[in-house]
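Engineer: no sequence on hand, only this structure:
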C-alpha cells in the first residue's frame, strides 16, 4: 500500500566542471533553503578542487567520466531516485532561494519548472552580447515552430518530476541539452511552468565553459535535428513543396516555349524540372510517413509515462 502524507524526497543536482571558486557557496545556499534535500555534485573530469570542496561542504560527490553536461544529466537521471529534482549550475549564477517554490510547483503536478532568467535580470547581468542574441534567436525559432510561448529556452535552472526524469531520453552530450529538454516537453505536451528568477553573472575568478560560437552551432543543429524528428511533415513537406514549385515553374516555361515554336529547345531544363517535381513528391510522401511514426512515438511516450506514474504511486 502507498504511504500517505510522506515528506517528498528532493534531490539537488549540480553538474560541475572546474567550479572550485563557487561550488562551496552553492552547496551551502541549497543546504539553507532546502535543509532536507540531498545535494549531488557530479564532477565531470575537473582538474581543480571542485570535488574536494563539495565533499567538505557535505554534498554527495560522484564522478562522470563522459565529458559534457548532457552526459552528466543522463547519469544523474539514471542513478538518482527522488520525488522532485532541482537542477542548477555550480557557478553561483542561480539563486537557491527560488528552489522551494519550484519544488512546490512540481508537487502540484507540473512535469518541469523552468527558471526563467530572461524576464528578470539576464540581459543586464550577462555581459556576452552574442549569448543574448543567441537566446533570442533560439526562443523565437522554437516558439514559432511549436506554437509555444516559453520565455527562457536555454536556462540551466529547472525542476523535474520523477516521471519526467525517468522517461526523458537524454540524447545531447553538451550544453545543448537544455534546448533539447524544452523541445521534448513541448512536443509531448508536458505540463510546464515558468518561474522568473534573479539571474546573476559569474563572480570574479569564475570562468565560463561556454564557447559562444561552437555551442551556438551545436544548439542550432540540435533544433534542426529535433524539428526533423518531431515535425517531419512541415520539415520534409516544406522542402518538397519548394522543389515541386521550382520544377513546375521550369516545366511551364519550357511548355510556353514549345507552344510558340513547336519544339522543345531546352531538354536539360525539362529533365531537371521533372526531377525536381519527382524529388518534391518523394519528400512530401516521406514527410507523411515520418509524421505517422512521430505520432506513434508520442503515443508510446504517453503510455510509458502513465506506467511510471502508476508504479511510483503503488510502490512508494
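Structural biologist: Structure received. Just so it is clear, the structure is predicted and the values come from calculations on it, not from any experiment.
Engineer: hey, where'd the strands end up in the stretch 51-200 of the chain?
Structural biologist: 60-63, 84-87, 112-116, 158-161, 192-196 (DSSP state E, counting those that start in this stretch).
Engineer: for these, give me a markdown table that also has mean pLDDT and mean neighbour count.
Structural biologist: Every residue, glycine included, has its C-beta placed from N, CA and C. Rendered in a markdown table, the data for the strands of the stretch 51-200 of the chain read as follows (pLDDT from 0 to 100; neighbours: other CB atoms under 10 Å):
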| stretch | mean pLDDT | mean neighbour count |
| --- | --- | --- |
| strand 60-63 | 96 | 15 |
| strand 84-87 | 96 | 27 |
| strand 112-116 | 94 | 24 |
| strand 158-161 | 96 | 26 |
| strand 192-196 | 94 | 17 |
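Engineer: now these in a markdown table, with distance to residue 95?
Structural biologist: A markdown table is the format used below for those (distance: least, CB to CB, whole Å):
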| stretch | distance to residue 95 |
| --- | --- |
| strand 60-63 | 22 |
| strand 84-87 | 12 |
| strand 112-116 | 9 |
| strand 158-161 | 14 |
| strand 192-196 | 11 |
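Engineer: for residue 93, which of these is the nearest?
Structural biologist: Ranking the strands of the stretch 51-200 of the chain by proximity to residue 93 (CB to CB) places strand 112-116 first, at 10.3 Å.
Engineer: give me the angle between the closest one and strand 192-196.
Structural biologist: Relative orientation of strand 112-116 versus strand 192-196 (axes from the mean of the first three to the mean of the last three CA atoms, to 10 degrees): 30 degrees.
Engineer: what strands line up against strand 112-116, and which way round?
Structural biologist: Note on strand 112-116: by DSSP bridges, its sheet partners are strand 158-161 (antiparallel), strand 192-196 (parallel).
Engineer: any regions of the stretch 1-150 of the chain where pLDDT drops low?
Structural biologist: Applying pLDDT under 70 to the stretch 1-150 of the chain flags residues 1-5, 120-134.
Engineer: the helices in it, which residues?
Structural biologist: In the stretch 1-150 of the chain, the helices defined using DSSP state H, counting those that start in this stretch lie at 23-33, 50-56, 69-79, 99-108, 122-125, 129-146.
Engineer: so which bits of the first one are buried?
Structural biologist: Taking 16 or more other CB atoms under 10 Å as the neighbour-count basis, helix 23-33 is seen to contain the buried residues 23-24, 26-27, 29-31, 33.
Engineer: tell me what the longest helix along the chain is packed against?
Structural biologist: Determined from DSSP state H, the single longest helix within the chain is helix 267-315. Helix 267-315 sits against helix 162-167, helix 232-261, with contacts defined as 3 or more CB pairs under 8 Å, 6 or more residues apart in numbering; DSSP states H and E.
Engineer: tell me the angle of the longest one relative to helix 267-315?
Structural biologist: Between helix 232-261 and helix 267-315, the angle comes out at 170 degrees (the same axes, to 10 degrees).
Engineer: buried residues, helix 232-261. List them.
Structural biologist: 232-233, 235-237, 239-240, 243-244, 246-247, 250-251, 254, 257.
Engineer: residue 300: which of these is nearest?
Structural biologist: Of all these, residue 232 has the smallest distance to residue 300: 16.1 Å, by CB to CB.
Engineer: if we can go back for a sec, could you dump the helices of the stretch 1-150 of the chain into a markdown table and include distance to residue 161?
Structural biologist: Shown next, in a markdown table, are these (distance: least, CB to CB, whole Å):
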| stretch | distance to residue 161 |
| --- | --- |
| helix 23-33 | 19 |
| helix 50-56 | 25 |
| helix 69-79 | 12 |
| helix 99-108 | 5 |
| helix 122-125 | 25 |
| helix 129-146 | 21 |
